[in-house]
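>>> Take a look and give me a structure for this.
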Amino acid sequence: MLLVPRQLRRSGMTGNVPYYGGRFTPAQAYAASHRRPPAPPPSPPAATQKPVRSPEELLAGIEQLRETGVITEEEYADLRDRVVRGES
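This is a model prediction of the structure:
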């Protein structure tokens, strides 16, 4: 008497299926043995660059911060000097 597992006696077991222990369907086995090439990485978004502002806009912004009390006079003078010198 020849003992054959029940999965191998099924009528749908044809072709070159790597494994069918009741866990993979034939479609899953085909997909596992015929892999697609990896997709190319997505392109970086265009908004990753910092917006370029003119020194006048920066000076107006720090002037507003000083007027609203967010920064002190010393911080305002330091930031104003940095903008005038072109530092970031």
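>>> can you pull out the helices in the chain?
26-33, 55-68, 73-85 (DSSP state H).
>>> Ok, which of the ones you listed comes nearest residue 43?
Residue 43 sits nearest to helix 26-33 of all the helices of the chain, at 27.5 Å, using CB to CB. Glycine gets a C-beta too; all of them are placed from N, C-alpha and C.
>>> where among the helices of the chain is the average confidence lowest?
Mean pLDDT values for the helices of the chain show the minimum at helix 26-33, a mean of 80.
>>> Would you mind extracting the C-alpha trace of that one into CSV?
Output of helix 26-33 as CSV, limited to C-alpha atoms (Å, rounded to 0.1, in the frame of the first residue of the first chain):
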residue,chain,number,x,y,z
PRO,A,26,-1.4,27.4,-6.6
ALA,A,27,-1.7,31.2,-7.3
GLN,A,28,0.4,32.0,-4.2
ALA,A,29,3.0,29.4,-5.2
TYR,A,30,3.2,30.8,-8.7
ALA,A,31,3.6,34.3,-7.3
ALA,A,32,6.4,33.2,-4.9
SER,A,33,8.3,31.4,-7.7
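>>> what about residue 75, how many residues close to it?
13 (other CB atoms under 10 Å).
>>> give the contact list for it.
Listed by CB atoms under 8 Å, 6 or more residues apart in numbering, the contact set of residue 75 reads residue 66.
>>> quick one: it and residue 24, what's the gap?
66 Å (CB to CB, to the nearest Å).
>>> Kindly report the same for residue 36.
Taking CB to CB, one finds residue 36 at 18 Å from residue 24.
>>> So those two - more neighbours on which side?
residue 24 (15 against 6).
>>> wouldn't that one be in contact with residue 32 here?
Yes. At 7.1 Å, residue 24 counts as touching residue 32 under the criterion of CB atoms under 8 Å.
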